[in-house]
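Student: the following comprises the amino acid sequence and a computationally predicted model.
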Number of protein chains: 2
Amino acid sequence: MTSPPSDQTPGQQPGPGLRADAERNRCRILAAARRLYATEGLGVSMASVAREAGVGKATLGRRFATREELVNAVFADRMDAYADAVAEALADPDPWHGFIGYLHAVCAMQAADRGFADVLTMTFPAAKALEARRAEAYERLLELITRAKDTGHLREDFTHQDVVILLIANAGVVTATGDAAPDTWRRLVGHMLRSYAAPGAPIPPLPDAPRPTALYRAMVRLSQTGPGTA
Amino acid sequence: MTSPPSDQTPGQQPGPGLRADAERNRCRILAAARRLYATEGLGVSMASVAREAGVGKATLGRRFATREELVNAVFADRMDAYADAVAEALADPDPWHGFIGYLHAVCAMQAADRGFADVLTMTFPAAKALEARRAEAYERLLELITRAKDTGHLREDFTHQDVVILLIANAGVVTATGDAAPDTWRRLVGHMLRSYAAPGAPIPPLPDAPRPTALYRAMVRLSQTGPGTA
DNA sequence: ACCCAAGTGGAACGGTCGGCCCGTTTCTGC
DNA sequence: GCAGAAACGGGCCGACCGTTCCACTTGGGT
């Protein structure tokens, strides 16, 4: 390297000072991981990621020593989108409407990416980039909740922990139903929203429940995949 | 064996026609599995169960060839309790009150036994005993829902699928929070109930949300355990 | 008391996973 | 081009899982 590598906090930022082919492999790894995580959820083996990316196991390990590092890099941009969702909700002139939109958007993101659903329900102390975004979004969320309560449409007994609980519950539903009953989460969110809403508050209509056969298929699928395997 | 072994549907009923020591081992296996499943959830390795039971892996495999068989035997009695919960709710002179009690009881059972939480959210076509109980409870549940709706306290837009969704969501919450925030599920059920209830219906007060620190601890624990690993 | 079959546990095997090392390839600055 | 360093990937190791086989133990009927 001619140019001194400056500081470059290892594994955190994009990938400066990497050789061209190395950077290319890094991207292939990230793309492969993104693909696998989205469909299978976190918990796919590092070896699978390497295989999917078409690189050796060693290359993966050199670029991302631990699973946390990889997750951190893969979901950095998605956490941006997450933080943006709160900002967008705050920008809504009607905080209650913004709040509803926020919940829906975040849960939809969970449904669209099983890996992201997992990420939102756990915290990686080592993943600085992710945690920074999370903290940022968290602050804004508190503000959104306060404003929504001020409109009188969000119940006073609602707490910010309820958001976390909803995300955890939704992650469970999304993981369990998978593509066998992909709209189940909408029903869950609809119910929760109805509980959050103060009497008389405007809320969107409750989405229809999934067909019983679809739910049944999801349950059978679960029993075959294995419970924790997910 | 002097007495002919009659029919003895293999692997289904308790364990007739087994030699004394074999039956003893069978019980040790069941006890060990019950212990492990309750705390770790389904998905513990068969090898772990054998180790915990203090028997060889072969013995386990001889008694319960597949994980389904073992699960079927372990949770047979708990499924009885599950079916009883519906019956008890049906016996309540106030169907709405019985309905509330039923949801609470079942979710409490999930919280008390992570393995059972998993069992309720998946179906094992091969486990006849379990599925029979489930079907029986299901029929009674439909009746309970109908009666609860007739009181006017349960909303008309409630469907029996909502029960399944609640169980799935609750299983996710119980699994995720574990013993780091063990009362989180009460808050979830409280919210759902508030959405199920028609305006003016009597509902128990919403339980307090868990402390934020407790939820945070649960999230960290999750990231260490691994997502699907459960 | 005896004897055979039922029952047992350990060993071996194939499979996957994660971590590490090392010979080889390929980029890049000169 | 050339040389050296950076990066690569395959291979090896130890761990765990589930399955199968086999020599040994033990129960229980006569």
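Tutor: Happy to help now that I have it.
Student: can the helix-or-strand element of chain A with minimal mean pLDDT be said to contact DNA strand D?
Tutor: Here the helix or strand of chain A ranked lowest by mean pLDDT, DSSP states H and E is helix A:212-225, holding a mean of 90. No. Among the residues of helix A:212-225, none lie within reach of DNA strand D under CB under 7 Å from any atom of the strand; the closest is 13.7 Å away. For the C-beta atoms, the positions are set from N, CA and C on the backbone; glycine is no exception.
Student: what comes up buried for the helix or strand that A:Leu142 is a member of?
Tutor: Using DSSP states H and E, A:Leu142 sits within helix A:128-150. Within helix A:128-150, the residues scored as buried using 16 or more other CB atoms under 10 Å in any protein chain shown are A:129-131, A:133-134, A:136-137, A:140-141, A:144-145, A:147-149.
Student: any part of it near chain B?
Tutor: No. If you take CB under 8 Å from any CB of the partner chain as the test, helix A:128-150 misses chain B, and the best it gets is 10.0 Å.
Student: give me the contacts around that helix.
Tutor: Outside helix A:128-150, the residues that touch it by CB atoms under 8 Å, 6 or more residues apart in numbering or on different chains are A:12, A:71-72, A:75-76, A:79-80, A:82-83, A:85-87, A:89-90, A:95-96, A:98-99, A:102, A:119, A:123-125, A:154-156, A:158, A:160, A:163.
Student: go on, stretch A:101-112?
Tutor: With CB under 8 Å, 6+ apart as the contact definition, stretch A:101-112 has outside contacts at A:38, A:78, A:81-82, A:85-86, A:88-89, A:92, A:116-117, A:120, A:141, A:144, A:163, A:166-167, A:170-171, A:174, A:182, A:185, A:189, A:192-193.
Student: re the thing from before, of the buried residues of helix A:128-150, closest to DNA strand D?
Tutor: A:Ala129 (20.6 Å; CB to the nearest atom of the strand).
Student: how many residues are close by the closest residue to that closest one other than its chain neighbours?
Tutor: In space, A:Ala129 comes closest to A:Ala76 once its chain neighbours are excluded; the distance is 5.2 Å by CB to CB, 6 or more residues apart in numbering or on different chains. By the criterion of other CB atoms under 10 Å in any protein chain shown, A:Ala76 has 18 neighbours.
Student: start and end of stretch A:124-133, how far apart?
Tutor: The straight-line separation of the ends of stretch A:124-133 (CA to CA, to the nearest Å) is 12 Å.
Student: average pLDDT for the helix holding A:Leu142?
Tutor: Mean per-residue pLDDT for helix A:128-150: 93.
Student: which residues sit in contact with the closest residue to DNA strand D within chain A?
Tutor: Closest approach between chain A and DNA strand D, counting by CB to the nearest atom of the strand: A:Gly56, at 2.5 Å. By CB under 8 Å, 6+ apart, the contact list for A:Gly56 reads A:Ala50.
Student: quick check: phi and psi at it.
Tutor: Here is the backbone geometry of A:Gly56 (degrees, to the nearest 10): phi -70, psi 160.
Student: just the angle between the helix holding A:Leu142 and helix B:212-225, please?
Tutor: 150 degrees (axes from the mean of the first three to the mean of the last three CA atoms, to 10 degrees).
Student: lovely, talk soon.
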